[in-house]
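In: Sequence and predicted structure below; questions after.
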Amino acid sequence: MIYYVGSFLLIAIGLYAVIVKKNLIKILIGLNLIASGVNLLIISVGYIKGGTAPIFSRAGLNAKMMVDPIPQALTLTAIVIDASELALAVAFVVLLYRHYKTLDIKKIRSLKW
Amino acid sequence: MILVSWILIVLMIGLAVLSIELKNLIAAVVAMGAVSLIISLLFLLLQAPDVAMAEASIGAALTMAIYIIGVRETERSEK
Amino acid sequence: MIRKIVYAIFAAIIVIALVMFFAAYPFGANKMAVGTYYLNHGVAQTGAANIVTSVVLDYRGFDTLGEVSVLFAAAAGVAILFFMLGIGKKERENLTKPNFVVRVGSRIIFPFILLFGTYIFVHGHLTPGGGFQGGSIIASGFLLLYLSYPGTRVNRGGLSIIEGLAGLTFVVLGLWGLFTPTDSFLYNFLPKGLFNTLVSAGILPIIYIAIGFKVASEFAGIVDDMMCEVICRGGEK
Amino acid sequence: MIIRLIVGYFLLYFGALFLLLGAFGLIRLPDLYTRMQAATKSTTLGAFSSVLGVGILHPGWFVKCVVVALFILLTAPIGSSALMRAAYKTGVPFDERTVVNKGEEFFDEQKKEEAK
């Protein structure tokens, strides 16, 4: 249960950072926190009390007492995609800084909305 | 097990608040990497060793390095 | 100040909605029906000891193919942004060189990091680990090389050839399944072998090795782009 | 058999004791440089001997544990020396009770060697 609370709080903190902060790097940190929180939430949905990891590496492991493998597979691919997209986002931020000489989104005209 | 997860989650929330409130951007990025590392420990407690390895090597090493390169190329502190 | 409070209340409302949604899914109770099916039949159908591997590569192999291509698109995007649109380059002050200890130490450690990554993605179907984890460990080894010897370049042509061959292996093994009697993409046509040994589970280890090479070369390319934007190109203006 | 158990548990508790001492040093010492010394030396010895103790207690894992221990022995001093050097170059202040500072002459000698 505490895992649910932790991941909800991580999502809330990330959302707050994305909305309120004006620095571009802080916004990216908020996005990363949201992604981590969602990963933790998905993994903790698949957990079973007293379960073991879904790997038949030792004898005597019972398939009934294993945790759900599908959330783990989904999260595994999501983490790699997060990293590559954040690299792309950091490249965009570096180019924006070179063009506008600032990281403040209030001063970058073409990002206003 | 339950006590360990409580301690880790309280630490994780504290580090997340630090990582969005610190003015020094490099310190903020390091706090975010610490959040990733604690999350990988939580994955290990939730019986997901594959995901724990991926999070520890990608989220805590490569992502943090990419962020630090980006911060070094731009401004170091938030005004 | 009032703006911050309003947005904090907004985030709290979203958290309350999430709590109300997840009240129907208590922590640590039951698994999904599909997961139960995979756990019961996965070993007999794919022959891999690690069920996560068999879900990633066999039951949802097409998903993984799309994910690898997203990774390729992101790496290509970083390269294009830095090398073709490189507007207004910033001047670099002199970077200090790392000292003797770091240079010699990283030269000793680097082959062991490569060995460790290779071990992880070769044993992906038996133990925790696999192509994504091993590939990113190898890429962090390249990052160590960049940090300790500023000014190194990786051979980008070799990286692209490795990456292309790895992707081609994945697609060719998938297409081969179309010519077997089952007519399905990514069909596991090789013999399963003895359970829980290194040569088992048909095509899964081959695909995971290909994914390991592909992830390693792509992340090494991203790191190379970003580090060289800072170090190599700043000096040669 | 009994000797193996004794040696393994001795190494395990020896390592745990040194890790505890390192944590005390991290709290008690005054500035970054001395804290880093406490956190490096005792932690390296503690992690090394406890991993080795686990390897002796489980003979199936012995080779892997020796490799991990060697890796810790190799990486931890290198990483802390790089961190310490970065802290010195960016000008982290010393404690006021510091008696001797060999940093100046060391970095000057290194600069001369690089200039040659």
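Out: Right, received. Where do you want to start?
In: How about B:Met53, nearest residue that isn't a chain neighbour?
Out: C:Gln133 (4.3 Å; CB to CB, 6 or more residues apart in numbering or on different chains). Just so you know, the C-beta spots here come from the backbone N, C-alpha and C atoms, and that holds for glycine as well.
In: Against C:Val215, how distant is the one you found?
Out: 9 Å (CB to CB, to the nearest Å).
In: in what helix or strand does the residue nearest to B:Met53 lie?
Out: helix C:131-148 (DSSP states H and E).
In: what about dumping the CA coordinates of that helix to CSV?
Out: The C-alpha coordinates for helix C:131-148 follow below in CSV (Å, rounded to 0.1, in the frame of the first residue of the first chain):
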residue,chain,number,x,y,z
GLY,C,131,19.7,-6.7,-24.1
PHE,C,132,18.5,-3.4,-22.8
GLN,C,133,20.4,-3.6,-19.5
GLY,C,134,23.6,-5.0,-21.0
GLY,C,135,23.6,-2.5,-23.8
SER,C,136,23.2,0.4,-21.5
ILE,C,137,26.0,-0.9,-19.3
ILE,C,138,28.3,-1.0,-22.3
ALA,C,139,27.2,2.5,-23.2
SER,C,140,28.1,3.8,-19.7
GLY,C,141,31.5,2.2,-20.2
PHE,C,142,31.9,4.4,-23.3
LEU,C,143,30.8,7.4,-21.2
LEU,C,144,33.6,6.5,-18.7
LEU,C,145,36.1,6.5,-21.6
TYR,C,146,34.9,9.9,-22.7
LEU,C,147,35.2,11.4,-19.2
SER,C,148,38.7,10.1,-18.7
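In: Just the buried positions in the helix or strand that it is followed by, please.
Out: Using DSSP H and E, the helix or strand that follows helix C:131-148 in sequence is helix C:156-176. The neighbour-count check on helix C:156-176 (16 or more other CB atoms under 10 Å in any protein chain shown) flags C:Leu159, C:Ile162, C:Glu163, C:Ala166, C:Gly167, C:Thr169, C:Phe170, C:Leu173, C:Gly174 as buried.
In: so helix C:156-176 versus helix C:131-148, what angle?
Out: Angle of helix C:156-176 versus helix C:131-148, following axes from the mean of the first three to the mean of the last three CA atoms, to 10 degrees, is 180 degrees.
In: and helix C:156-176, does that touch chain A?
Out: No - using CB under 8 Å from any CB of the partner chain, helix C:156-176 never reaches chain A; the gap is at least 13.3 Å.
In: What of stretch C:197-206?
Out: No - counting by CB under 8 Å from any CB, chain A is not contacted by stretch C:197-206; separation bottoms out at 11.7 Å.
In: Check whether that stretch comes near chain B.
Out: No - shown here: stretch C:197-206 not in contact with chain B (CB under 8 Å from any CB), separated by at least 14.0 Å.
In: Next, give phi and psi for A:Asp104.
Out: phi -80, psi 130 (degrees, to the nearest 10).
In: which residues of chain C fall in helices?
Out: C:2-22, C:33-46, C:51-54, C:61-83, C:100-122, C:131-148, C:156-176, C:204-230, C:232-235 (DSSP state H).
In: Equivalent analysis for chain A, please.
Out: Under DSSP H, chain A gives helices at A:2-20, A:24-45, A:69-100.
In: Same check on chain D?
Out: D:2-28, D:32-57, D:62-89, D:103-115.
In: For C:Leu65, give me its contacts.
Out: Counting by CB atoms under 8 Å, 6 or more residues apart in numbering or on different chains, C:Leu65 touches C:Phe170, C:Val171, C:Gly174, C:Leu186.
In: neighbours of B:Lys23, just the number please.
Out: B:Lys23 has 11 neighbours, counted by other CB atoms under 10 Å in any protein chain shown.
In: Over to D:Gly8?
Out: 18.
In: and it, what pLDDT?
Out: For D:Gly8, the model assigns a pLDDT of 88.
In: That one: what's it in contact with?
Out: D:Gly53, D:Val54, D:Ile56, D:Leu57.
In: pLDDT weak spots in chain C?
Out: C:31, C:84-97, C:151, C:228-237 (pLDDT under 70).
In: So which bits of it are right by chain B?
Out: C:50, C:52-53, C:90, C:120, C:128-130, C:132-133, C:136-137, C:139-140, C:143, C:219, C:222-223, C:226-227, C:229-230.
In: Can you flag the buried ones in those residues?
Out: Using 16+ other CB under 10 Å, the buried ones in the residues of chain C next to chain B are C:50, C:52-53, C:120, C:128-130, C:132-133, C:136-137, C:139-140, C:143, C:219, C:222-223, C:226-227, C:229-230.
In: neighbours around C:Tyr119, how many?
Out: 14.
In: go on, B:Ala54?
Out: The number of residues near B:Ala54, taken as other CB under 10 Å, comes to 28.
In: swap in B:Leu25?
Out: B:Leu25: 23 neighbours (other CB under 10 Å).
In: tell me the contacts of whichever residue of chain B sits closest to chain C?
Out: Chain B approaches chain C most closely through B:Pro49 (3.6 Å), counting by CB to the nearest CB. By CB under 8 Å, 6+ apart, B:Pro49 lies in contact with A:Ala53, A:Ile55, B:Phe43, C:Pro128.
In: wait, what's in contact with the residue positioned nearest the centre of chain A?
Out: With distances taken as CA atoms, centre = their mean, A:Ala35 lies nearest the centre of chain A, 1.5 Å away. Counting by CB under 8 Å, 6+ apart, A:Ala35 makes contact with A:Gly14, A:Ala78, A:Asp82.
In: Tally up the residues packed near residue 61, please.
Out: The chain I'm using is chain A. 14.
In: Wait, chain D was what I had in mind.
Out: D:Trp61, neighbours per other CB under 10 Å, totals 14.
In: For chain C, see how far away it is.
Out: 13 Å (CB to the nearest CB, to the nearest Å).
In: now that residue, nearest residue through space, not along the chain?
Out: In space, D:Trp61 is closest to D:Gly55, 5.6 Å off (CB to CB, 6+ apart).
In: Tell me if I'm right that C:Met32 and A:Asp68 touch.
Out: Yes - at 6.1 Å, C:Met32 and A:Asp68 qualify as touching, with contact defined as CB atoms under 8 Å.
In: Have a look at the two and say which one is more surrounded.
Out: Shown here are C:Met32 and A:Asp68; by other CB under 10 Å, A:Asp68 has more neighbours (25 against 14).
In: Might you list the low-confidence residue ranges for the chain?
Out: Because you didn't say which chain, this covers chain A. In chain A, residues with pLDDT under 70: A:59-60, A:111-113.
In: Please refer instead to chain B.
Out: Checking chain B against pLDDT under 70 turns up B:79.
In: Flag every residue of it that's near chain C.
Out: B:49-50, B:52-54, B:57-58, B:61-62, B:65-66, B:69-70, B:72-73.
In: now swap in chain D and tell me
Out: D:Phe71, D:Leu74, D:Thr75, D:Pro77, D:Ile78, D:Ser81, D:Ala82, D:Arg85, D:Lys89, D:Gln110, D:Glu114.
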